[in-house]
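Participant: Build me a model:
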Amino acid sequence: MHENVWTLREIQSQPQVWNECLGMLQQTDLSGLVAGREPERAEWIFIGCGTSFYLAQAAASSLNLLLGVSARAIPASEFLLFPTLVVPHDRKSYFPVLISRSGHTSEVLQVARHLQSQGISFLAVTCDGRELTDMTPRVLRMPVVEKSTVMTSSFTSMLLGLQYLAATLAGKTQFLDSLKTLPAELNRLLEIYTPRIESFAQIDVEDVAFLGQGALYPIASETALKVMETSCTYAQYFHTLEFRHGPKSIVGPKTLVGALLSETGYEQEAAVLREMKELDAYTMAVANTASPALRNTADLLIELGLSVPELARIAVYVVWGQLFGSYRGLAKGLDPDNPRNLSRVVTI
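Facilitator: Below is the predicted model:
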């Protein structure tokens, strides 16, 4: 019925795309790509816009956790407008990583031109390539082709690419092996949960909030953005336990609260979702392993059942919000491939 919706096709194709990307990464000299600017020598600052900014946050968390080094993420606009707040005074002490699916995003290109003018080396992470790849010899280009306006497989593939890079630099071979298992696991999960999400997306909700902690916070942020983009439904994102501190005032019978549950903070995070259910919200949970209490709390439960480290799973957590947003948009009579007021590339 929805075979002509490119966004859905690209979400469903992620297992195949991930396999292709992981194969390319295995053949790439990733250490050579960043030689002389390793994280131990310079603070990596990940820079992007929109979805690519949330990707930057997830990549910074991954680098921090895998290598035990400081890393940050900032929007390209913050670099351009308030550089003294985010950039070290010693230009040799940081290594920018510029992220853009298209390689054509105006604000990212402005940052790249500024870095060029200052003689600052940077890494470009992209799918399409375009101008960005002509501005630096350090390029990580993922073999992903998307026709839809919103980023789905490009987000997850670039995230896997940056995690693969970090794990390679850290010498974490078991983590690399874990990433290689994800395509087959996601294929299994899509078969189980796609029809359940399509059915669940028929609910009538006016407000949506997605919650996550740690490395799952930027994934919750991206999940909320996908729902906004593809269904024109107002969605917000919060650190899970912070939702108690004011934001829960929006909760009612036409609110959906989705929780991306970590293992590290599982009990505390699951308690927040339970409280929202008691306030009459619809509830959605993504967890690796669900307790009996969570099964009673969640109106829709996505149970991953992955035997890989917690950090290696984060790309899998976003897929279900991608699907929900697209199916919710279709339920509202909208076209997820052509979101209102949006274009595939932001140029100014």
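Participant: Now Pro39: closest residue in space that isn't a chain neighbour?
Facilitator: Val69 (4.4 Å; CB to CB, 6 or more residues apart in numbering). Every residue, glycine included, has its C-beta placed from N, CA and C.
Participant: List the contacts of the one you found.
Facilitator: Contacts of Val69 were listed using CB atoms under 8 Å, 6 or more residues apart in numbering, and they are 39-40, 43-44, 63.
Participant: Can you flag the buried ones in these?
Facilitator: Buried by 16 or more other CB atoms under 10 Å: 39, 44, 63, out of the contacts of Val69.
Participant: Narrow those residues to those in strands?
Facilitator: Mapping the buried ones among the contacts of Val69 onto strands (DSSP state E) picks out Trp44.
Participant: Then Thr149 would be within a strand, right?
Facilitator: No. Assigned with DSSP: H, G, I helix; E, B strand; the rest coil, Thr149 falls outside any strand and is coil.
Participant: What are the phi and psi values at Arg130?
Facilitator: Note on Arg130: backbone dihedrals following degrees, to the nearest 10 are phi 50, psi -140.
Participant: Please report the distance of it from Ala290.
Facilitator: 43 Å (CB to CB, to the nearest Å).
Participant: Which one of the two is surrounded by more residues?
Facilitator: Taking neighbours as other CB atoms under 10 Å, Arg130 and Ala290 compare with Ala290 leading, 21 against 16.
Participant: and which of the buried ones among the contacts of Val69 is nearest to Pro195?
Facilitator: Leu63 (36.7 Å; CB to CB).
Participant: is it true that that closest one touches Tyr164?
Facilitator: No. Between Leu63 and Tyr164 there is no contact under CB atoms under 8 Å: 11.7 Å.
Participant: Make sure the residue nearest to Pro39 is indeed in a strand.
Facilitator: No. In this structure, Val69 is coil, not part of a strand, as judged by three-state DSSP.
Participant: Give me the pLDDT value at it.
Facilitator: Per-residue pLDDT puts Val69 at 95.
Participant: all helices of the stretch 151-300 of the chain, in order?
Facilitator: 153-170, 173-200, 217-231, 266-278, 292-297 (DSSP state H, counting those that start in this stretch).
Participant: re earlier: torsion angles phi and psi at the residue nearest to Pro39?
Facilitator: When read as degrees, to the nearest 10, the backbone of Val69 gives phi -120, psi 160.
Participant: again with the one 3 residues further on
Facilitator: Dihedral angles of Arg72 (phi, psi; degrees, to the nearest 10) stand at phi -130, psi 160.
Participant: And for Gly50?
Facilitator: Dihedral angles for Gly50 - degrees, to the nearest 10 - are phi 60, psi -130.
Participant: Go ahead and confirm it touches Leu225.
Facilitator: Yes. Applying CB under 8 Å, one finds Gly50 in contact with Leu225, separated by 7.1 Å.
Participant: between these two, who's got more neighbours?
Facilitator: Taking other CB under 10 Å, Gly50 and Leu225 do not tie; Leu225 has more neighbours (23 against 20).
Participant: now the residue nearest to the more buried one when sequence neighbours are not counted: how far from Phe82?
Facilitator: In space, and not counting its chain neighbours, Leu225 is closest to Thr51: 6.3 Å by CB to CB, 6+ apart. Relative to Phe82, Thr51 is positioned 22 Å away (CB to CB).
Participant: These two: which is more packed in?
Facilitator: In terms of neighbours (other CB under 10 Å), Thr51 is the more surrounded of Thr51 and Phe82; the figures are 22 against 11.
Participant: Might one say that that one is in contact with Ser153?
Facilitator: No. Thr51 is beyond contact range of Ser153, at 11.6 Å (criterion: CB under 8 Å).
Participant: helix, strand or coil for Pro96?
Facilitator: Assignment for Pro96 (three-state DSSP): strand.
Participant: need the contact list for it.
Facilitator: Shown in contact with Pro96 (CB under 8 Å, 6+ apart): 44-45, 47, 111, 115, 120, 122-123.
Participant: Thank you kindly, that will do.
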